[in-house]
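S.K.: Can you look at this prediction? I've put the sequence above it.
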Amino acid sequence: MTDPKPRKETDVEAAWTRVWRTLLIRGIILVLVVAALGMGIGWLVSGTTGLVGGAVGGGLAAVFIIITLAIMYAGRNMGLTAIAGFLSIGFLFKAFIFMIVIWRIKDATWLDGTVAFFTIVAAVIGSSLVEAITVVKGRVPYVDPEAR
């Protein structure tokens with residue numbers, strides 16, 4: 001039979017929820033800032049093609065944050081070592097995506113490659129910083145005395 005009372009969230013689960021929510025908020029801010037600055041500066045520098053290049057960089061920032069959020073959500077009930085391993089795999093996956101995107105847009109005429117490149121680099125560095133700062137400042141206990 002099912003238990004009529006819902007299970008109370010443990011302290012560790014609550015801490016991971018706070019870390020995940022903080023990463024979500026910071027990620028949304030990062031994506032908006034990278035997209036707005038990339039598109040704005042791109043439009044000022046080279047018009048519509050620069051605007052599109054900035055949008056590509058902002059979109060890639062969103063993809064990077066979504067990958068990290070998915071990894072952290074999937075690993076919220078695992079140990080810290082497992083989550084660190086999955087985040088490392090996610091970093092390699094993001095590097096692969098970065099290389100593929102750069103390779104595919106290097107000769108594109110519909111965007112300014114320089115604006116796109118610098119916006120993508122800002123997205124990579126910004127998402128790495130947001131992830132690192134959020135995980136380091138997230139206070140998640142190693143031991144959960146309430147776990148069964």
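M.R.: All right, it came through fine.

S.K.: contacts and neighbour counts: CA atoms only from here.
M.R.: OK.

S.K.: Check which residues of the host helix or strand of residue 29 are buried.
M.R.: Counting by DSSP states H and E, the element that carries residue 29 is helix 11-46. Residues of helix 11-46 classed as buried: 11-13, 15-17, 19-20, 22-24, 26-28, 30-43 (neighbour count, 16 or more other Cα atoms under 10 Å).

S.K.: chain center to the next helix or strand after it, what's the gap?
M.R.: Following helix 11-46 in sequence order, the next helix or strand is helix 48-74 (DSSP H and E). In terms of Cα atoms, centre = their mean, to the nearest Å, the centre of helix 48-74 is found 8 Å from the chain centre.

S.K.: again, but for stretch 116-125
M.R.: How far stretch 116-125 lies from its chain's middle: 13 Å, per Cα atoms, centre = their mean.

S.K.: contacts for that stretch?
M.R.: By Cα atoms under 8 Å, 6 or more residues apart in numbering, the residues outside stretch 116-125 that reach it are 30-31, 34-35, 38, 50, 52-58, 60-61, 64, 98, 102.

S.K.: Repeat that for stretch 61-76.
M.R.: Contacts of stretch 61-76 (Cα under 8 Å, 6+ apart): 13, 16-17, 20, 23-24, 27-28, 30-31, 34, 82-83, 86-87, 90, 94, 120, 123-124, 127, 131.

S.K.: buried sites along it?
M.R.: Neighbour counts using 16+ other Cα under 10 Å place 61-69, 71-72, 75-76 of stretch 61-76 among the buried residues.

S.K.: Same question for stretch 84-92.
M.R.: For stretch 84-92, by 16+ other Cα under 10 Å, it's 86-87, 90-91.

S.K.: Could you dump those residues into TSV and include pLDDT, distance to residue 110 and secondary structure?
M.R.: Conversion of the buried residues of stretch 84-92 to TSV gives the following (pLDDT from 0 to 100; distance: Cα to Cα, whole Å; DSSP: H, G, I helix; E, B strand; the rest coil):
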residue	pLDDT	distance to residue 110	secondary structure
86	88	36	helix
87	85	34	helix
90	90	30	helix
91	88	29	helix
